[in-house]
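Student: any chance you can model this:
(one chain, ligands or ions: 2)
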Amino acid sequence: MSYFPIMLNLDYKKVVVVGGGHVATQKVEALLVTKANIIVVSPMLTATLQHYSQLRKIQWRNKTFEPVDLDDAILIFAATNEETVNDQIEQATQHWQLFMRVDNNGRMDFMNPAVVRRGDFVLTVSTSGASPAFTRQVKQQLSEQFDDSYEAYTSFLKNGRQAILEKFEGEQKRRAVAALLEPQVLQWIQQQDFEQCENYIQQLLEGE
Ligand SMILES: C[C@@]1(CC(=O)O)C2=NC(=C\c3[nH]c(c(CCC(=O)O)c3CC(=O)O)Cc3[nH]c(c(CC(=O)O)c3CCC(=O)O)/C=C3\N/C(=C\2)[C@@H](CCC(=O)O)[C@]3(C)CC(=O)O)/[C@H]1CCC(=O)O
Ligand SMILES: NC(=O)c1ccc[n+]([C@@H]2O[C@H](COP(=O)([O-])OP(=O)(O)OC[C@H]3O[C@@H](n4cnc5c(N)ncnc54)[C@H](O)[C@@H]3O)[C@@H](O)[C@H]2O)c1
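Tutor: Residues are numbered from 1 along each chain as shown. Ligands and ions are numbered 1, 2, ... in the order given. You can find the predicted model right below:
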């Protein structure tokens, strides 16, 4: 199966996670970086999910699954440990809703990659279900290769690019955007020498 990778904006959209165990907790934690309206349907919750419920970060429906729980959901996670319950959730899903089951059986409209976040810089890894353990290993390697300094670096690139787009056009713009990637800049950021970065941007904007 060839999946289509995408970055989804879930803000203010309804997402339903059925199940409240270890895997459901992983899915909810991945969703919490968004402003999705997260509903968890399960008679049991992990301590972590109980905590999120108390903080009103998720809405907990303390019950077993019923089809009505899926109303208006854009994403649905069947995250129970019961294959028959996951089957019922799959059957109750409308054709327009995006559905996945954590047991990777039956209908899979999407699956989750492993994610390393450094601010706006987002690295994702997937083996399309072939080996989640290998995915995790590569994620670990990437998180070491791209440490926290890449958050500030991406922020610098974003602000620098914005300033260049406001000032230049055509070939001049193209050259200035390419010059932002000068490797020295990353070193300055890693040394927390933000003044050098600022001087560098000013030089680019003056067209030197
Ligand atoms: C990336 C990550 C994101 C996340 O979970 O959100 C994720 N699995 C992670 C970890 C992980 N999962 C499992 C292990 C134990 C080692 C092993 O079994 O290999 C480990 C490793 C660990 O935890 O150390 C077991 C497992 N996973 C699935 C099944 C069902 C099956 O395949 O039958 C079983 C067997 C259950 C059983 O044995 O009964 C299915 C899926 N897991 C996926 C994603 C999707 C495919 C992603 C891909 O291939 O790249 C897919 C298809 C659906 C989905 O869940 O989206 C997360 C990274 C953690 C991180 O970020 O550090
Ligand atoms: N995708 C992955 O990364 C991954 C990793 C490991 C395991 N798995 C799969 O995920 C499944 C769940 O694993 P887990 O560790 O979270 O299990 P778990 O036992 O910790 O949690 C299962 C949850 O399902 C809930 N549940 C059971 N019946 C329900 C119903 N009728 N309605 C609502 N909720 C119901 C339970 O209350 C519980 O909260 C495993 O059986 C396995 O197939 C997937």
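
Student: three-state assignment of V116?
Tutor: Classification of V116 by DSSP: H, G, I helix; E, B strand; the rest coil places it in strand.

Student: how about the contacts made by it?
Tutor: Contacts were defined as Cβ atoms under 8 Å, 6 or more residues apart in numbering; by that measure V116 touches V122, L123, T124, K139, L142, S143, F146. For every residue, glycine as well, the C-beta is placed using N, CA and C.

Student: helices of the chain, residue ranges please.
Tutor: Secondary structure of the chain, counting by DSSP state H: helices at 22-31, 47-54, 83-92, 132-145, 149-167, 170-179, 183-190, 194-205.

Student: related to what we said a few turns ago, just the buried ones from the contacts of V116, in ChimeraX syntax?
Tutor: A single ChimeraX command is used to select the members of the contacts of V116 judged buried by 16 or more other Cβ atoms under 10 Å:
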select :123,139,142,143,146
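
Student: closest one of the contacts of V116 to Y153?
Tutor: F146 (9.3 Å; Cβ to Cβ).

Student: so that closest one sits right up against F121, yeah?
Tutor: Yes - assessed by Cβ atoms under 8 Å, F146 is found in contact with F121 at 7.1 Å.

Student: low-confidence stretches in this protein?
Tutor: Residues of the chain that meet the criterion pLDDT under 70 lie in 208.

Student: close to ligand 2: what parts of the chain are there?
Tutor: 18-24, 41-44, 64-65, 79-82, 85, 102-103, 132 (Cβ under 6 Å from any ligand atom).

Student: and those residues, which are buried?
Tutor: Counted by 16+ other Cβ under 10 Å, these give 18-21, 23-24, 41-42, 65, 79-80, 85, 102-103 as buried.

Student: which pair in these spans the largest distance?
Tutor: Greatest spacing in those, by Cβ to Cβ: V41 and D103 (16.8 Å).

Student: and ligand 1, which of the contacts of V116 contact it?
Tutor: K139.

Student: need the contact list for the closest residue to ligand 2 within the chain.
Tutor: Closest contact between the chain and ligand 2, by Cβ to the nearest ligand atom, is at G21 (1.9 Å). Shown in contact with G21 (Cβ under 8 Å, 6+ apart): S42, M44, T46, A79, T80, N81.

Student: make it 10 Å
Tutor: S42, M44, L45, T46, L49, A79, T80, N81, V102 (Cβ atoms under 10 Å, 6 or more residues apart in numbering).

Student: Q94: neighbour count?
Tutor: 12 (other Cβ atoms under 10 Å).

Student: for D193, same thing?
Tutor: D193: 13 neighbours (other Cβ under 10 Å).

Student: and it, what is it in contact with?
Tutor: So D193 contacts V185, Q187, N199 (Cβ under 10 Å, 6+ apart).

Student: same deal with S143?
Tutor: A114, V115, V116, R117, R118, L123 are the contacts of S143 under Cβ under 10 Å, 6+ apart.

Student: among these, which pair sits farthest apart?
Tutor: Farthest pair in the contacts of S143, by Cβ to Cβ: A114 and R118, 14.1 Å.

Student: got the residues of this structure near ligand 1?
Tutor: Checking the chain against ligand 1 by Cβ under 6 Å from any ligand atom, the hits are 26-27, 30, 102-104, 111-114, 126-133, 135-136, 139.
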